[in-house]
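Novice: Have a look at this prediction, sequence included:
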Amino acid sequence: MIEMDRWTPITKIENVPLREGRAVTVGDSEIALFHLEGRYLTIENKCPHKGGPLCDGIVSGTTVVCPLHGQRFDLETGMPVLYDNPAEVGADRIVNSVAAYEKYGGPCISVDFGTATTFDCVSAKGEYVGGVICPGIGISAEALFGRTARLQRVDIRKPARVIGTNTVASMQSGLYYGYLGLVDGILELLLGEMGENCKVVATGGLASLFGGGSKYIKSVDNLLTLDGLRIIWERNAKPQAAAAARTQGSAKPASDKPSKPWPGSKSRR
């Protein structure tokens, strides 16, 4: 931890009303400062798409809407969310997207093998553009076991060969290769829209199993979600620590190693 000698005053707290934003200048940059229930979050004031002043945007939850063209930006993550309704996006999907873009760059796709398998796409500009949700392999297997009279439960694993010579091996082949076909089929279509240079990273309980057999998954990252939570926490903790330190007459940042800023956002140190 590095102790900084001073902090640069940018404005008085009373100048930023609750759930509103104000433009402030820090060095050569203009940022938008927002007051959300005692928290102060920042983002670059100029919208990267139309150049609109984000400080004049409407704040809904932790999202600000560009006043010129309705582009939405998440103030906690710094990530523009291009979903029709950003509130519908699961928090885990945004967390994975934050970590994937931070660690692997964009454009990128994160595949999370959970109860549902989700495919989340982030553009080269760091925008969450949407994705795909499909039933997880566990749900698919349970449907097979539960709706057939003579098929027993089997472990989900990669069989030695595709052609099964007994019931268990045949079921394992169908589950593994059938689901792998689903994953690679969806990824092939997504890469057709995102571009061939798009990185694909997998996480979740069965990421290693299917990541090893996929034609398109190049990285398996079992800590992706945890890293995303850490990155978002750091981006929100630092400005709060700074505000507390200024109030107490001292200034100690949470860390001397900043996270990589998002396009359209500024480092919050």
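Specialist: Structure's in. What do you need? In this text, all values refer to a predicted model and were calculated from it rather than measured experimentally. Numbering: from 1, shown residues only.
Novice: what about the nearest residue to S219 once chain neighbours are set aside, neighbour count?
Specialist: Ranked by CB to CB, 6 or more residues apart in numbering and with sequence neighbours excluded, the top spatial neighbour of S219 is V201, at 4.3 Å. The way it works is simple: take the backbone N, C-alpha and C, and place the C-beta from them, glycine included. For V201, the neighbour count with other CB atoms under 10 Å is 22.
Novice: What of the one 5 residues further on?
Specialist: By the measure other CB under 10 Å, the count of residues near L206 is 18.
Novice: Y216 now?
Specialist: Quick note: Y216 (other CB under 10 Å) scores 18 neighbours.
Novice: For it, which three-state class applies?
Specialist: Recorded secondary structure, Y216: coil (DSSP: H, G, I helix; E, B strand; the rest coil).
Novice: Name the residues of stretch 43-61 that come out as buried.
Specialist: Buried residues in stretch 43-61, counted by 16 or more other CB atoms under 10 Å: 43-48, 52-57, 59.
Novice: for those residues, which one is nearest D84?
Specialist: G57 (17.4 Å; CB to CB).
Novice: Run a quick check on the closest one versus V64, I expect a contact.
Specialist: Yes: judged on CB atoms under 8 Å, G57 makes contact with V64 at a distance of 4.3 Å.
Novice: what touches both of those two?
Specialist: Residues touching both G57 and V64 by CB atoms under 8 Å, 6 or more residues apart in numbering: 21, 32, 73.
Novice: I'd like these written out as TSV, with neighbour count and pLDDT added.
Specialist: As requested, the shared contacts of G57 and V64 are exported to TSV (neighbours: other CB atoms under 10 Å; pLDDT from 0 to 100):
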residue	neighbour count	pLDDT
G21	26	81
A32	25	81
F73	26	77
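Novice: With secondary structure and distance to G192 added, can I get the residues you listed in a markdown table?
Specialist: Output for the shared contacts of G57 and V64, formatted as a markdown table (DSSP: H, G, I helix; E, B strand; the rest coil; distance: CB to CB, whole Å):
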| residue | secondary structure | distance to G192 |
| --- | --- | --- |
| G21 | strand | 38 |
| A32 | strand | 36 |
| F73 | strand | 27 |
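Novice: Turn those into a markdown table, columns for distance to D184.
Specialist: Output for the shared contacts of G57 and V64, formatted as a markdown table (distance: CB to CB, whole Å):
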| residue | distance to D184 |
| --- | --- |
| G21 | 44 |
| A32 | 42 |
| F73 | 33 |
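Novice: just those residues now: which is nearest G205?
Specialist: F73 (31.9 Å).
Novice: Where do the strands of the stretch 101-250 of the chain begin and end?
Specialist: 108-113, 116-122, 128-135, 199-204, 219-220 (DSSP state E, counting those that start in this stretch).
Novice: Could you single out the most deeply buried of these?
Specialist: strand 108-113 (a mean of 27; mean count of other CB atoms under 10 Å).
Novice: Show me what that strand pairs with in its sheet, parallel or antiparallel.
Specialist: Partners of strand 108-113 in the sheet, by DSSP bridges, are strand 116-122 (antiparallel), strand 199-204 (parallel).
Novice: and the shortest one, how far out from the chain's middle?
Specialist: Strand 199-204 sits 12 Å away from the centroid of its parent chain (CA atoms, centre = their mean, to the nearest Å).
Novice: pLDDT (mean, whole number) over that strand?
Specialist: Regarding strand 199-204, the rounded mean pLDDT is 96.
Novice: what does it rub up against?
Specialist: So strand 199-204 is contacted by 96, 100, 103-114, 117, 187, 191, 210-211, 214, 216-225 (CB under 8 Å, 6+ apart).
Novice: ok, now stretch 167-181?
Specialist: 137, 140-141, 144, 151-152, 154-164, 209-210, 213-214.
Novice: Could you do stretch 15-30 as well?
Specialist: 8, 10-11, 31-37, 40, 44-46, 53-57, 59, 64, 266.
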